[in-house]
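Enquirer: Any chance you can model this:
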Amino acid sequence: MSSTEPSMNSFEQMQEGRPTGPLVQGYEVIIGFETHAQLSTTSKIFSRASTAFGAEPNTQACAVDLALPGTLPVMNKGAVERAIKLGLALGSHIAPRSVFARKNYFYPDLPKGYQISQYEIPVVQGGTVSFLLGDEKKTVRLVRAHLEEDAGKSLHEDFVGQSGIDLNRAGTPLLEIVTEPDMRSTTEAVAYARELHKIVTWIGICDGNMQEGSFRCDANVSVRKPGSSLGTRREIKNLNSFKFMQQAIDYEIRWQIEELEDGRRIQQATVLFDPATGETRSMRTKEDAADYRYFPDPDLPPLAISAEWIEQVRQGMPELPRSMAERFVRDHGLSDYDAAQITQSFAFATYFQDSVAAGAPPKLASNWITGEIARRLNLQDLPIDRAPVAATQLASLIARIADGTISNAAARQVFDALWTGEGADVDRLIEAKGLKQMSDSGALEAIVDDVLSRNQKNIDEYRAGKDKAFNALVGQVMKASQGKANPGQVNALLKARLG
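Expert: Model (predicted):
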């Protein structure tokens with residue numbers, strides 16, 4: 001449940017003019033997202049307690065986090081600065097004055113009996129997230145992003161017949177990022193979540209670790225017949241992987257359609273996804289904003305953000321992925337798809353730029369990075385900043401392909417040796433493995449002449465118009481040279497000899 005959800009009438013207004021997506025069993029799917037991004041501050045939003053992950057339970061909750069009598073919250077400037085960064089990255093309006101409110105509900109892991117959040121005036125308002133879905137550009141509109149504190153955590157697994165409470169997360173700074181219900185398929189929803197994840201990690205406001213809960217997504221899902229009023233939505237809470245996100249939304253869509261087709265009504269609810277069964281299950285009836293009895297927090301003054309502060313933050317922002325991708329297309333001749341792949345993360349883009357700076361032609365560097373390097377990283381579940389082959393080594397390898405020193409097949413052998421740590425210097429590996437292509441034209445001419453003298457049948461077939469015969473001759477030359485002949489030279493020599 002989000003404190004920021006518009007009314008159902010507001011949702012209806014948002015859908016005017018919005019495109020209809022692919023139908024599922026005759027139903028249109030409507031999806032909106034609420035994402036909690038844990039901000040990368042070292043201390044909590046209203047106290048100096050640590051936000052480090054993995055500490056022993058209840059060792060990082062101070063008097064302010066526990067709401068002990070006489071304590072008062074003090075705003076963390078770093079959290080506000082990160083909210084400004086997000087607003088700048090998404091083209092949002094950054095409110096010069098925003099207000100904190102108390103969101104009242106009673107859970108064992110909420111020590112104050114309320115959560116400090118923002119309601120009527122959030123710090124970040126509007127904005128968009130754009131991404132490619134195949135060759136089509138999609139844009140999801142944002143309602144808002146507001147600052148709030150996290151609650152603690154209830155522990156059920158380690159206790160029999162009872163629950164434990166860990167308040168280490170209580171007071172951890174969050175930005176809740178809320179979309180309008182613009183997505184029309186599971187594929188589009190997951191692509192949006194991936195793009196948002198890329199942006200928050202790119203600008204350094206969140207580490208994006210979904211397993212540790214740093215980036216948690218809630219999906220609001222409903223279905224309706226085309227042209228009918230908006231259906232009742234159910235919120236799938238705390239989706240902590242893109243794989244589970246896909247499975248959960250797909251299941252929820254099927255479940256809602258089956259319910260409606262069987263004549264039952266959908267009840268607004270908060271549901272959880274169980275990866276073991278692949279199903280969603282209802283956790284509680286979904287509340288509306290009025291149930292939380294919001295009112296301005298009397299302990300916190302309005303948050304004031306000056307134009308000068310915004311400009312100062314803007315000056316320190318990195319080049320954004322969308323802008324960088326456009327530059328790669330414009331300056332390096334990459335395709336839109338390749339540029340999107342290269343800018344999938346700041347580390348990927350840095351690796352590409354470092355290899356180009358070291359002399360690698362951009363297109364060849366892009367092909368290697370999105371191809372062989374990405375494949376091996378996926379196999380070993382490694383981030384690119386831990387790739388065994390450095391960007392400068394890749395540039396050296398590509399240079400030896402470009403100048404004809406080695407063939408593409410030989411380059412893969414060198415790459416294998418670099419990746420496994422067999423060697424670190426490209427030229428030494430080429431020499432040690434005897435992979436250098438033949439540069440002696442006289443020796444290569446002798447091999448070609450010998451192959452032609454022994455393959456009259458292929459010569460006759462080629463001259464009769466059979467191209468496969470020419471390829472067979474090339475293969476014979478490459479075999480005789482033990483793969484060291486330059487394929488381009490072989491082709492040129494054969495064509496010259498055959499006339």
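
Enquirer: where do the strands sit along the stretch 51-200 of the chain?
Expert: 93-94, 97-98, 100-104, 114-118, 124-125, 128-133, 136-149, 153-155, 164-166, 173-179 (DSSP state E, counting those that start in this stretch).

Enquirer: residues contacting T343?
Expert: By Cβ atoms under 8 Å, 6 or more residues apart in numbering, the residues touching T343 are 321-322, 324-325, 328, 349. All C-beta spots, glycine's among them, are computed from the backbone N, C-alpha and C.

Enquirer: any idea which of those is least confident?
Expert: pLDDT across these is lowest for R322, at 91.

Enquirer: Isn't it up against S130?
Expert: Yes - the criterion here is Cβ atoms under 8 Å, and R322 meets it with S130 at 6.7 Å.

Enquirer: Who has more neighbours out of these two?
Expert: R322 (17 against 13; other Cβ atoms under 10 Å).

Enquirer: Select the longest helix from the chain.
Expert: helix 242-261 (DSSP state H).

Enquirer: List the contacts of it.
Expert: In contact with helix 242-261 (Cβ under 8 Å, 6+ apart) are residues 24-25, 27, 29, 31, 186, 189-190, 193-194, 210, 217, 219, 221-223, 231, 234, 236, 239, 265-266, 271, 273, 275, 278-280.

Enquirer: Name the residues of it that are buried.
Expert: Buried residues in helix 242-261, counted by 16 or more other Cβ atoms under 10 Å: 242, 244-253, 255-257, 260.

Enquirer: What pairs with the next helix or strand after that helix, parallel or antiparallel?
Expert: Next in sequence after helix 242-261, counting helices and strands by DSSP states H and E, comes strand 269-274. Looking at strand 269-274 with DSSP bridges, its partner strands are strand 234-239 (parallel), strand 279-285 (antiparallel).

Enquirer: Looking at these, which one is packed in the most?
Expert: Of all those, strand 234-239 carries the top mean neighbour count, a mean of 20, counting by mean count of other Cβ atoms under 10 Å.

Enquirer: Looking at the contacts of T343, which is nearest A409?
Expert: When these are ranked by distance to A409 (Cβ to Cβ), F328 comes first, at 28.3 Å.

Enquirer: Please state the offset of the helix or strand harbouring the closest one from the chain centre?
Expert: Element membership for F328, per DSSP H and E: helix 321-332. Between the centre of helix 321-332 and the centre of its chain there are 18 Å (Cα atoms, centre = their mean, to the nearest Å).

Enquirer: give me the number of residues near Q341?
Expert: 18.

Enquirer: Pretty sure it sits in a helix.
Expert: Yes - assessed by DSSP: H, G, I helix; E, B strand; the rest coil, Q341 belongs to a helix.

Enquirer: Retrieve the pLDDT associated with it.
Expert: pLDDT recorded at Q341 is 91.

Enquirer: Leaving out chain neighbours, which residue sits closest to it?
Expert: Among residues not flanking Q341 along the chain, T370 sits closest, at 4.6 Å (Cβ to Cβ, 6 or more residues apart in numbering).
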